[in-house]
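Novice: Task: produce atomic coordinates for the following.
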Amino acid sequence: MNDATVDVLCEVRGEVGFISLNRPQALNALTLPMIRALTVCLQSWRDDERIQVVAMRGSNKAGPFGAFCAGGDIRFFHQALLSGDPAPEDFFTEEYTLNHLIHSFPKPVLAFMDGVVMGGGMGLSQGASYRLVTSRSKLAMPETTIGLFPDVGGGYFLSRCPGFTGEWLALTGTALGAAEAIQLGLADHCLDAAQLPQAWDALAQIKSPDAVRLQVWLAEFATADNATSALDRSQIDACFSLDSVPAIVHALEADTSDWAQRSAAQMRQRSPLMLHVALAQIRRARHLTVAQDLRMERDMMRHCFFPSHLARSGAHTETAEGIRALVIDKDNAPKWQPARIEDVTADMVQPFFTSPWVAHSHPLRTLL
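Specialist: Alright, predicted model coming up:
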């Protein structure tokens, strides 16, 4: 039995295909074998007339649920950056292809977004037809913290958040609870965490689970989340609608409210370069399809790992330094280049959006 068959469990019960991410010791962080196992499973179910619905969940150390997916395996990325291993090339190409498969899946997909849902976990869940959160859900795209940008389709789904909340989430990496996620269009329904096992098992009992029957199922298990959203959309929009990262952070620093000061402090901790890249990404992605956004992000990721225009090796990228500081050495003192938001130039940012491939050889050229 290989790792993928242990870390991704697929079974069919009734007319529903059930997927469980089963790598709880790593909060179900995705590996390349897991991505391949998920892809094979979904492709086979897509064409299987017996399967009418797909459901996905994660697991924690105590059993099913409790954590969905914390993202990609960033220790693997760090080792590859230091060694020059090209394996991340396949990882990102296949992960983004999987993200697109979920967005375009012809049958309902239910994502049980219980617990941690970050990075690659958002990539798995945001294309689902029913994005189900609980009082334990914690959604975020914190990539700028480790010298990356919100990928896995983050440009697409964050740019579709109301107003300029997508920019706020991309630049600060703020984590959302259930009420905020539903308010910003990143989740659809809240379920009672205590009833998740019953809700999961009840799916298998639905005969011909069409949209009407799924709504009946939802009516039984959905709950009004008691937490109220504290988001002040007008305050977010006033700052994060500004033209540049320096303008945004300066406006936040001039605002004495706790929210603004906290947001400014978050941004000052992130990679200045990748803040500029992420802002440009979100604003470009507003005009792109899912496939176009994923192709753009695949270009951007190549430049993160091989930033030739910055004359840096993989071992000296923002990504390598961010992972080192937060995950490997845990000194929480990354040495970003440049060190200040105000010192990033357009010449450093623009090449991230130039494709290293001609169109007919792009690794995601077949996505429609």
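Novice: What strand or helix carries the residue lying closest to Gly153 once chain neighbours are set aside?
Specialist: Leaving out its chain neighbours, the residue that sits closest to Gly153 by C-beta to C-beta, 6 or more residues apart in numbering is Asn99, at 5.0 Å. To be clear about C-beta, it is placed using only N, CA and C from the backbone, and glycine gets the same treatment. Secondary structure from DSSP states H and E places Asn99 in helix 87-103.
Novice: Go through that helix and flag the buried ones.
Specialist: 88-89, 91-103 (16 or more other C-beta atoms under 10 Å).
Novice: For Gly14, state which of those residues is nearest.
Specialist: Ile102 (21.2 Å; C-beta to C-beta).
Novice: Isn't the closest one up against Gly121?
Specialist: No: applying C-beta atoms under 8 Å, one finds Ile102 not in contact with Gly121, separated by 12.0 Å.
Novice: For stretch 280-295, give the mean pLDDT please.
Specialist: Taken as a whole, stretch 280-295 has an average pLDDT of 98.
Novice: So which residues of the stretch 101-250 of the chain form strands?
Specialist: Taking DSSP state E, counting those that start in this stretch as the criterion, the stretch 101-250 of the chain carries its strands at 109-113, 116-118, 130-133, 138-140, 189-190.
Novice: Packed most tightly, which of those strands would that be?
Specialist: Among the strands of the stretch 101-250 of the chain, ranked by average contacts under mean count of other C-beta atoms under 10 Å, first place goes to strand 109-113 (a mean of 28).
Novice: Send me that one as CSV with only the CA atoms.
Specialist: In CSV, the C-alpha atoms belonging to strand 109-113 read as follows (Å, rounded to 0.1, in the frame of the first residue of the first chain):
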residue,chain,number,x,y,z
VAL,A,109,-19.3,18.4,-5.0
LEU,A,110,-19.7,19.0,-1.2
ALA,A,111,-16.6,20.2,0.7
PHE,A,112,-16.9,19.8,4.5
MET,A,113,-14.6,22.7,5.4
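Novice: helices or strands next to the host helix or strand of Met348 in the packing?
Specialist: Using DSSP H and E, Met348 sits within helix 346-349. Here helix 346-349 touches helix 272-285, going by 3 or more C-beta pairs under 8 Å, 6 or more residues apart in numbering; DSSP states H and E.
Novice: which element follows the helix it packs on toward the C-terminus?
Specialist: Next along from helix 272-285, by DSSP H and E: helix 290-305.
Novice: how near is Gly66 to His362?
Specialist: Distance of Gly66 to His362, computed by C-beta to C-beta, to the nearest Å: 38 Å.
Novice: Comparing these two, which residue is more hemmed in?
Specialist: Using other C-beta atoms under 10 Å, the more surrounded residue of Gly66 and His362 is Gly66, with 20 against 16.
Novice: Now the more buried one: closest residue in space that isn't a chain neighbour?
Specialist: Going by C-beta to C-beta, 6+ apart, Gly66 has Asn60 as its nearest residue, at 3.3 Å.
Novice: How about that neighbour: which residues does it bridge to?
Specialist: Beta bridges link Asn60 to Gly63, judged by DSSP bridges.
Novice: can you tell me which residues contact it?
Specialist: 24, 27, 66-67, 115 (C-beta atoms under 8 Å, 6 or more residues apart in numbering).
Novice: what's near enough to touch Leu27?
Specialist: 58, 60, 67, 69-70, 116.
Novice: pLDDT value on it, please?
Specialist: 97.
Novice: again, but for Ala4
Specialist: On the pLDDT scale, Ala4 gets 63.
Novice: host element of Leu9?
Specialist: strand 8-13.
Novice: Could you measure from Gly71 over to Arg13?
Specialist: The value you get for Gly71 to Arg13, if C-beta to C-beta is used, is 28 Å.
Novice: the more surrounded of the two?
Specialist: Gly71 (27 against 13).
Novice: That one contacts Thr31, correct?
Specialist: No: under the criterion of C-beta under 8 Å, Gly71 makes no contact with Thr31, lying 11.4 Å away.
Novice: ends of stretch 175-195, how far apart?
Specialist: Start-to-end span of stretch 175-195 (C-alpha to C-alpha, to the nearest Å) is 24 Å.
Novice: Now do it: everything it contacts.
Specialist: Contacts of stretch 175-195 (C-beta under 8 Å, 6+ apart): 65, 112-114, 118, 122, 126, 130-140, 142, 157, 160-162, 165, 169, 199, 218, 221-225, 227-231.
Novice: Contacts only, for Gly71.
Specialist: Contacts of Gly71 by C-beta under 8 Å, 6+ apart are 29-30, 118-121.
Novice: do that again at 10 Å, thanks
Specialist: For Gly71, the contact set (C-beta atoms under 10 Å, 6 or more residues apart in numbering) comprises 26-30, 116-124, 140-143, 146, 148, 151-152.
Novice: For PyMOL, write the select line for the buried members of those.
Specialist: Remark: buried members of these, expressed as a PyMOL selection using 16+ other C-beta under 10 Å:
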select buried, resi 27+28+29+30+116+117+118+119+120+121+122+123+124+140+141+142+143+146+148+151+152
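Novice: okay, the closest residue to Thr354 other than its chain neighbours: pLDDT?
Specialist: Excluding its sequence neighbours, the residue lying closest to Thr354 (C-beta to C-beta, 6+ apart) is Asp299, at 7.2 Å. Turning to Asp299, the model gives it a pLDDT of 98.
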